[in-house]
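Asks: No letters, just coordinates:
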């Protein structure tokens, strides 16, 4: 299968704290790949490594066969025109209207005449259901609308890859449903490749072609949603069932409760 | 021993900060010129940084000029030298108070706003978003703000001095009765274009670079949290003020010493 993104034996640390110790995964072209795992396991970091905002200490991160870690600044910026990222906060520019936010990448990277830009922006806004909200400012939007406006901006340049960082966080069920169907339909209609980082297991499993579960500084399971549901790893099962205790313990590492209460160890 | 360890660590951190700030400014300003994209961005920032700072600069300049006129008169009149009030007010403002007080006010008004704005852009992932859209935030966000500070502060310093001289005139001439002809003519004969006006201008250009640079660097590297942005804003005002006062002594020693 043709892979758009590949990670080979990636090691990454923040200061003295290791985040990844030998992460390897592949993202098939044209598919929706979900990255899931406990909080703080480095899911967003993986997106930043693919986008070149961070560099791996060891190993390779390949996008369309190019080693992202070896690109110089200008080559990296050129490569980023082929990918896009939907940030958790939406990251819309607060001094621009929704319309101008979506037009921003077109104005920066193309020489299209104004009437074409207007048409393209309207098409992108229509695809996320916000054509009527073009003149609103980001602070006038609800959380779900802001996320959809940011999605319209993400697809403005028709990228090959979209990375979604927690797209459903803090959304009400209606907004969540809209975003789930948008991610799936955009992926199919525009022929995109999508990477979705999320904790919302049911929503993500319903649209993902492939799921990767991260834990213990590496990928512990990778496969189709059906394969993961049948996976034998207790950690995978704990994560998918949402059990409060298991391989990922409920209690943070500490001395024994008895000793602590009696003041034996501090 | 611990003192030297701390001193060494602080010095290394300071050098690292200066190095990081230099790289940031270099990457922001050096590159393929894009005048068509840069011009509207700089104009917008000139309004935010320059025009919106004018009111506080003009009012401060007027009051400082008035105080100079009043204080100068009460000292000079004892020696029968009140006709020297004009040059005293003008030279104080052009050489020192204009560039220095403008820079201090600019750091408090515009510098802190620049730091908070860029820090918030980082906290809300707007800078990361620009990077991922293949738009260099240093060229798009930092560079226009730097040029706006660089252009506007010397102009604001001139306005400060001009308004201050009129403040001194109102108090000295209109209120306390110093001869108007003497006030202006002695000022005109005492103030030298190169030695006084241009040296004051050079000072304000240096202060503009330093204050804007500190403000942008502190904002760009602020921790993306409420305490982080708060600390960065405070540091901008403190470091800028200290840098302006320290550099003022060095420049004064070089120019007039």
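Replies: Yes, it's here. It should be emphasised that the depicted structure is a prediction, and the values quoted were computed from it without experimental measurement.
Asks: which outside residues touch stretch B:115-123?
Replies: Residues outside stretch B:115-123 that contact it (C-beta atoms under 8 Å, 6 or more residues apart in numbering or on different chains) are B:127-128, B:137, B:141-142, B:145, B:215-216, B:218-220, B:222, B:224-225, B:228-229, B:232-233, B:235-236. Yep, even glycine has a C-beta here, placed from its N, CA and C like the rest.
Asks: scratch that, stretch B:210-219 is what I was asking about
Replies: Taking C-beta under 8 Å, 6+ apart as the rule, stretch B:210-219 contacts B:17, B:20-21, B:24-25, B:28, B:103, B:106-107, B:110-112, B:114-119, B:121-122, B:142, B:145-146, B:148-150, B:153, B:232-233, B:235-236, B:239-240, B:243-244, B:247.
Asks: Ok, stretch A:129-144 next?
Replies: Outside stretch A:129-144, the residues touching it (C-beta under 8 Å, 6+ apart) are A:90, A:92-94, A:96-99, A:101-102, A:121-122, A:125, A:145-146, A:148-149, A:152, A:170-172, A:174-176, A:178-179.
Asks: Intersect those with the contacts of chain B.
Replies: Applying C-beta under 8 Å from any C-beta of the partner chain, the subset of these adjacent to chain B comprises A:92-94.
Asks: how about the residues you listed in a markdown table, adding secondary structure, pLDDT and neighbour count?
Replies: Listed next are these as a markdown table, based on DSSP: H, G, I helix; E, B strand; the rest coil; pLDDT from 0 to 100; neighbours: other C-beta atoms under 10 Å in any protein chain shown:
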| residue | secondary structure | pLDDT | neighbour count |
| --- | --- | --- | --- |
| A:92 | coil | 90 | 27 |
| A:93 | coil | 89 | 17 |
| A:94 | coil | 85 | 14 |
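Asks: Out of the residues you listed, flag the one nearest to chain B.
Replies: residue A:93 (6.0 Å; C-beta to the nearest C-beta).
Asks: Could you pull up phi and psi at that closest one?
Replies: Dihedral angles of residue A:93 (phi, psi; degrees, to the nearest 10) stand at phi -80, psi 120.
Asks: swap in residue A:19?
Replies: Per degrees, to the nearest 10, the backbone of residue A:19 is at phi -100, psi -50.
Asks: Filter the contacts of stretch B:210-219 down to just the buried residues.
Replies: B:21, B:24-25, B:28, B:103, B:106-107, B:110-112, B:114-119, B:121-122, B:142, B:145-146, B:148-150, B:153, B:232-233, B:235-236, B:239-240, B:243-244, B:247 (16 or more other C-beta atoms under 10 Å in any protein chain shown).
Asks: Of those residues, which belong to helices?
Replies: Mapping the buried ones among the contacts of stretch B:210-219 onto helices (DSSP state H) picks out B:21, B:24-25, B:28, B:103, B:106, B:112, B:114-119, B:121-122, B:145-146, B:148-150, B:153, B:232-233, B:235-236, B:239-240, B:243-244, B:247.
Asks: which secondary structure element contains residue B:161?
Replies: Using DSSP states H and E, residue B:161 maps to helix B:143-169.
Asks: Can you tell me which helices and strands whichever helix or strand comes after that helix packs against?
Replies: Later in the chain than helix B:143-169, the nearest helix or strand by DSSP H and E is helix B:180-190. Contacts defined by 3 or more C-beta pairs under 8 Å, 6 or more residues apart in numbering or on different chains; DSSP states H and E place helix B:180-190 against helix B:85-91.
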